[in-house]
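Undergrad: Mind folding the following:
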Amino acid sequence: MLFDFVLAYWHLFAMLVVVVFLLALNPGAGGKKVSPLQLPQLQNREAAVVLDVCEPEAFKQGHIEQAINLPLGQIKDKIAKLNKHKSKPIIVACQNGSQSAKAVAILRRLEFDQLYILEGGLAAWRKENLPLVKG
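TA: Next comes the predicted model:
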């Protein structure tokens with residue numbers, strides 16, 4: 001039955017093989033996920049840095065204490081702001097987690113290695129009733 005499916009839909013099967021191959025070539029493209037409850041532990045134990053990729057207006061509305069604000073669209077231009085933290089773990093945060101993966105991909109290309117994504121973003125942080133700094 002599987003053989004009949006592969007023969008009938010060989011083009012779909014070929015695309016599946018290509019996708020699996022591409023994923024195998026670059027397994028570390030994304031950052032490791034860290035939960036809101038794990039983030040403070042990583043900060044305390046490994047001096048991790050929180051990078052908030054939200055726009056400045058959203059950052060002022062509430063961010064994790066000591067977070068560095070570097071909007072997603074400015075990472076390449078203002079990377080000097082992060083270079084002194086290159087040897088530390090960097091936890092990337094955004095509003096809901098959707099922009100963090102893009103930021104991690106950019107940082108990987110800029111040779112940052114220890115990258116994490118705040119799972120669920122600041123929305124998950126708020127859901128856990130963890131403190132945010134305003135301003």
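Undergrad: And the helices in the chain, which stretches?
TA: Per DSSP state H, the chain carries helices over the ranges 2-8, 10-25, 39-46, 56-61, 80-83, 100-109, 121-127.
Undergrad: Report the helix or strand with the lowest average pLDDT across the protein.
TA: The weakest-scoring helix or strand in the chain, judged by mean pLDDT, DSSP states H and E, is helix 10-25 (a mean of 76).
Undergrad: where does the protein have low pLDDT?
TA: Within the chain, the stretches with pLDDT under 70 are 21-30.
Undergrad: export stretch 95-112 as CSV, just CAs?
TA: Output in CSV follows, covering the C-alpha atoms of stretch 95-112 (Å, rounded to 0.1, in the frame of the first residue of the first chain):
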residue,chain,number,x,y,z
GLN,A,95,5.7,39.5,22.4
ASN,A,96,4.5,36.0,21.6
GLY,A,97,7.6,34.0,20.4
SER,A,98,7.1,34.4,16.7
GLN,A,99,9.9,37.0,16.0
SER,A,100,12.4,35.3,18.2
ALA,A,101,13.2,32.5,15.7
LYS,A,102,14.0,35.1,13.0
ALA,A,103,16.3,37.0,15.4
VAL,A,104,18.1,33.7,16.4
ALA,A,105,18.7,32.9,12.7
ILE,A,106,20.2,36.4,12.2
LEU,A,107,22.4,36.0,15.3
ARG,A,108,23.6,32.6,14.2
ARG,A,109,24.8,34.0,10.9
LEU,A,110,26.6,36.7,12.9
GLU,A,111,28.4,33.8,14.8
PHE,A,112,26.6,33.9,18.1
